[in-house]
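Q: I would like the atomic coordinates for the input below:
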Amino acid sequence: MGMTHFVNPKDISKPVHQRIREMTGGGVDYSIECAGNVEVLREAFLSTHDGWGKTVVVGIYPTPKMLPLHPMELFDGRSISGTIFGDFKGKSQLPELAKACMNGVVNLDGFITHELPFEKINEAFELLGDGKALRCLLHV
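A: Below you'll find the model as predicted:
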């Protein structure tokens with residue numbers, strides 16, 4: 001399991017989903033979109049196999065946008081679902097995660113890439129939005 005081929009959209013004259021469907025004899029079983037780009041989402045969805053293909057959207061899009069799919073494209077058996085935080089269940093799993101963090105089992109400090117005073121909250125949002133920070137810690 002894993003990636004066996006790479007398709008560079010700049011190297012082909014047709015849409016990526018058409019090339020992938022040709023390469024796989026009808027489409028892939030699973031596609032994952034994690035770039036936060038609705039055009040990539042559409043290509044990922046159309047790259048899946050009719051009848052059983054599944055597309056998973058991972059993460060949050062920077063701004064709310066409508067899915068670029070026509071309802072009829074769902075009637076051929078393909079499906080689309082989404083996940084955030086790896087399907088983490090906050091209500092039931094958060095207490096155990098908090099205990100693991102307090103006991104040093106899980107180290108969250110490595111995820112903090114920037115520390116700023118609260119007055120620079122706008123700068124923190126810019127860093128996050130530009131992809132230059134993973135997590136910003138604001139000091140009050």
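Q: which parts of the protein are strands?
A: With DSSP state E as the criterion, the chain has strands at 30-33, 54-58, 79-83, 114-117, 136-139.
Q: in the last one, which residues are buried?
A: When burial is assessed from 16 or more other Cβ atoms under 10 Å, strand 136-139 yields the following buried residues: Cys136. From N, CA and C alone the C-beta is placed, and that goes for glycine too.
Q: now for it, which elements pack on it?
A: strand 114-117, helix 121-129 (3 or more Cβ pairs under 8 Å, 6 or more residues apart in numbering; DSSP states H and E).
Q: report the buried residues of the longest one.
A: Meaning helix 121-129. The neighbour-count criterion (16+ other Cβ under 10 Å) identifies 124, 127-128 as the buried residues of helix 121-129.
Q: would TSV of these with pLDDT and distance to His49 be doable?
A: Below are the buried residues of helix 121-129 laid out as TSV (pLDDT from 0 to 100; distance: Cβ to Cβ, whole Å):
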residue	pLDDT	distance to His49
Ala124	94	43
Leu127	92	40
Leu128	89	36
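Q: take those residues and write them to JSON lines, including distance to Gly25.
A: Compiled in JSON lines, the buried residues of helix 121-129 are given as follows (distance: Cβ to Cβ, whole Å):
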{"residue": "Ala124", "distance to Gly25": "48"}
{"residue": "Leu127", "distance to Gly25": "44"}
{"residue": "Leu128", "distance to Gly25": "41"}
